[in-house]
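Q: here are the coordinates; sequence isn't available:
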């Protein structure tokens, strides 16, 4: 039966996505693979239908399978060589390696088109290989989910109000998170750059800007759930185990968060943006998700493009320009949103800026040349981000008559050179030192000199919504990349 069944091109169409997902299974939700799998299958199906009219079904299937697998081998082999320390890494250049694989592709296509042989055996063997590859991946993924169950029914954060207090005036609230924006301490130490002028500009607009601010975690995937649930995540060490990398529970905390639940109680309209790791919030909480230019998981898309389309043109079009479109959309739309007396708004924008990809220079012009100095590229993009922060602040304050709450912060510092396993005090500063600026009309006295991100919404809600949240102790929790839930309290390692 396998010699007549043409299944292998469709099986191979699923292979790249499933491989990437299996490698990132601890951080990418399974549902995020459905759309890429569907599109990959449809592309192969349409290509096969068109080709079969000219050269027959079996030849068309074998050619498509050859194309898919050469791309898979090319992308993975090139990535492996570039990430290795071999002196022959120059062989991974698109000029050399691309030429070799292009010749192999042309020879293979020419052979299948011109051959007079019956290809039943080749078709049967390729079907068997495809079934085996997909079978192994499906079994591996199934075993992972079986051995790593997550209890989504448990309530981890128990101090959310059940009913809303009677509050006559509720301010619009804007949360602007600029990913990996380093604090002034790190900028002086690592970049010899003084950001004081920018901080003074914010203060002149009425913001409170701490001299030194630190996040609670040095990583987005822990920092954001902590901020949006107003809690530390110590229990995850026991819940998941200190050796786990499974981020599925964190994903639930992020999208089903306490901050948005509280605001929903108070009749807030909640609006989020696709500007960083996707638009945060479940659809039963969020009213609108804006600036989407594609629905593929950000991490999955990046890995797919870099691995299976390792040509700089595709990287630029599918990653850099895609990111620029989302940021431009956010810059344009976010500051124009405002609520009403009866229906205030909570607007959350997570800007993937100054975080890579490095697409802007310090003036906001799109970079076209290759990035040779990452630190310089980062600093240029940070300077541009500072200008956009001031611009966004001015527009929000103008549109809302200065009565809104504006929270501007970053989720961690610039971490490229951190030694995660054996951190120094400077590594701790690089991980935790962040941007923080708070605009709270008539309530600024409630902000302490060391306001911690985990407390900021506790303070906002107590100040404006008449809640009684306890203010938690300020703590900084370290972990490594390999063991994200093996927490160590390093609060005393940081200068105050």
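A: Happy to help now that I have it. Quick caveat, the model's predicted, so the values are computed rather than measured.
Q: Just to check, residue 222 is in contact with residue 478?
A: No: in this structure residue 222 lies outside contact range of residue 478 using C-beta atoms under 8 Å: 10.5 Å. Just so you know, the C-beta spots here come from the backbone N, C-alpha and C atoms, and that holds for glycine as well.
Q: neighbour-wise, which of these two wins?
A: residue 222 (25 against 20; other C-beta atoms under 10 Å).
Q: what's the more buried one in contact with, if anything?
A: 216, 233, 250, 477, 479, 484 (C-beta atoms under 8 Å, 6 or more residues apart in numbering).
Q: and what of residue 280?
A: With C-beta under 8 Å, 6+ apart, residue 280 has these contacts: 224, 228, 254, 255, 257, 272, 286, 348, 350.
Q: What about it? Give its phi and psi, please.
A: Phi and psi for residue 280, reported as degrees, to the nearest 10, are phi -80, psi 140.
Q: residue ranges with poor pLDDT in the protein?
A: Filtered on pLDDT under 70, the chain yields the residue ranges 1-3, 79, 82-94, 276-277, 293-322.
Q: any idea where the strands of it begin and end?
A: 173-178, 269-273, 288-290, 345-351, 405-409, 436-439, 477-478, 488-489 (DSSP state E).
Q: which helices and strands does the first one pack with?
A: Using 3 or more C-beta pairs under 8 Å, 6 or more residues apart in numbering; DSSP states H and E as the contact criterion, the neighbours of strand 173-178 among helices and strands are strand 345-351, helix 374-399, strand 405-409.
Q: change it to 6 Å
A: strand 345-351, strand 405-409 (3 or more C-beta pairs under 6 Å, 6 or more residues apart in numbering; DSSP states H and E).
Q: Report the angle between the first one and strand 269-273.
A: Computed with axes from the mean of the first three to the mean of the last three C-alpha atoms, to 10 degrees, the direction of strand 345-351 lies at 10 degrees from that of strand 269-273.
Q: between strand 345-351 and strand 173-178, what angle do the directions make?
A: Using the same axes, to 10 degrees: strand 345-351 against strand 173-178 is 0 degrees.
Q: Next, the angle strand 405-409 makes with strand 345-351.
A: Using the same axes, to 10 degrees, strand 345-351 lies at 20 degrees relative to strand 405-409.
Q: Tell me the strands beside strand 345-351, with direction?
A: strand 173-178 (parallel), strand 269-273 (parallel) (DSSP bridges).
Q: is it possible to export the ones you listed to a markdown table including mean neighbour count and distance to residue 54?
A: What follows is the strands paired with strand 345-351, written out as a markdown table (neighbours: other C-beta atoms under 10 Å; distance: least, C-beta to C-beta, whole Å):
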| stretch | mean neighbour count | distance to residue 54 |
| --- | --- | --- |
| strand 173-178 | 25 | 52 |
| strand 269-273 | 22 | 46 |
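Q: Residue 139: which of those is closest?
A: Checking the strands paired with strand 345-351 against residue 139 by C-beta to C-beta gives strand 269-273 as the closest, at 36.7 Å.
Q: Now do that closest one: distance to the chain's middle.
A: Relative to its parent chain, strand 269-273 has a centroid offset of 18 Å by C-alpha atoms, centre = their mean, to the nearest Å.
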